[in-house]
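Engineer: Below are the sequence and a predicted model for it; my questions follow.
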Amino acid sequence: MSLKNKMVSFYCRHRPSKSHMAIATAFIPSAGYFGLASLLALVYYTDWKAIAGYIPLYNTKFPKPEGKDSK
């Protein structure tokens, strides 16, 4: 039996019901917010300057480079 046939038979036997799909759809916003919070925590704890420079109020931690011709 080929891998394709094994995967098709696995999918056909374990098809999600409508209630499972509704639960999964309701979970999507929570998963998105959790992922965003995890990303912000990673940026905060690692001081990733390329990203943290764009966070309001937190970007004052990094001084702006001054050029020769600052008028």
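Structural biologist: Great, that's in hand.
Engineer: give me the number of residues near Leu57?
Structural biologist: Leu57 is flanked by 6 other residues according to other CB atoms under 10 Å. The way it works is simple: take the backbone N, C-alpha and C, and place the C-beta from them, glycine included.
Engineer: Let's verify it: helix, strand, or coil?
Structural biologist: Following DSSP: H, G, I helix; E, B strand; the rest coil, we place Leu57 in the coil state.
Engineer: Now the element after the helix or strand of the chain with the lowest mean pLDDT, going C-ward?
Structural biologist: Within the chain, no helix or strand scores below helix 3-13, which has a mean of 69 by mean pLDDT, DSSP states H and E. Helices and strands here follow DSSP states H and E; after helix 3-13, the next one along the chain is helix 18-46.
Engineer: now that following helix, how far from the chain's geometric center?
Structural biologist: Helix 18-46 sits 7 Å away from the centroid of its parent chain (CA atoms, centre = their mean, to the nearest Å).
Engineer: Which of the residues in that helix are classified as buried?
Structural biologist: If you call a residue buried by 16 or more other CB atoms under 10 Å, then helix 18-46 has these buried ones: Val43.
Engineer: Summarise which helices and strands that helix is packed against.
Structural biologist: Contact partners of helix 18-46 among helices and strands, from 3 or more CB pairs under 8 Å, 6 or more residues apart in numbering; DSSP states H and E: helix 49-52.
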